[in-house]
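# Fold the following, please.
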Amino acid sequence: MFISNAFAQAAETTATAANSWQGTVLQLGLIFAIFYLLLIRPQQKRIKQHEAKVRAVQKGDYVITGGGINAKVIDASDPVDLTVEIADGIKVSVNRGTLREVISAEEMKALKAQPANSNKKSKK
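Below is the predicted model:
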């Protein structure tokens, strides 16, 4: 009685062992597909959008560099470098690849037109 049960268990174990690697491969494939759809693909879209904005920089746009410098674009004719004005009369050449954010002139006008939030408590 014990011997026949042992053989039956061994046969069942070999059958599940053969299917376990297929299940593992299937699970790894599903995990990779989920990571691709939820993490990799959206990041690639954001990178493409950012590259398109950097290529479309025009004179008059405002930019923020990777170092945190806010500047207004003075000359955007060079495909690699931009000439920006960081203060009145101070012009600097920056590489397009260092731009972190691009704000068009229209967006900047809209931002400046918004009233500042007054979170200050009134004193009585």
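# where along this protein do the strands fall?
In the chain, strands defined by DSSP state E lie at 62-65, 70-75, 81-87, 90-95, 99-103, listed in chain order.
# In the second one, which of the residues would be classed as buried?
What that stands for is strand 70-75. Residues 71-73 are the ones in strand 70-75 that count as buried (16 or more other C-beta atoms under 10 Å). Just so you know, the C-beta spots here come from the backbone N, C-alpha and C atoms, and that holds for glycine as well.
# Any stretches of the chain with poor pLDDT?
Low-confidence segments of the chain (pLDDT under 70): 1-18, 116-124.
# From W21, how far out is L28?
Remark: distance between L28 and W21 (C-beta to C-beta, to the nearest Å) = 11 Å.
# ah, wrong one, I meant A87
65 Å.
# just to revisit the earlier point, so which of the buried residues of strand 70-75 comes closest to K45?
K45 lies nearest to V73 out of these, by C-beta to C-beta, at 25.1 Å.
# which residues touch the closest one?
Neighbouring residues of V73 by C-beta atoms under 8 Å, 6 or more residues apart in numbering: 57-63, 82-84.
# can you pull out the helices in this structure?
2-35, 41-55, 105-113 (DSSP state H).
# Identify the residues contacting the last one?
The reference is to helix 105-113. Counting contacts by C-beta under 8 Å, 6+ apart, the residues outside helix 105-113 that touch it are 60-62, 103.
# Tabulate these in TSV, adding columns for neighbour count and distance to I34.
Formatted as TSV, those follow (neighbours: other C-beta atoms under 10 Å; distance: C-beta to C-beta, whole Å):
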residue	neighbour count	distance to I34
G60	13	43
D61	21	38
Y62	18	38
I103	16	35
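# All set, thanks.
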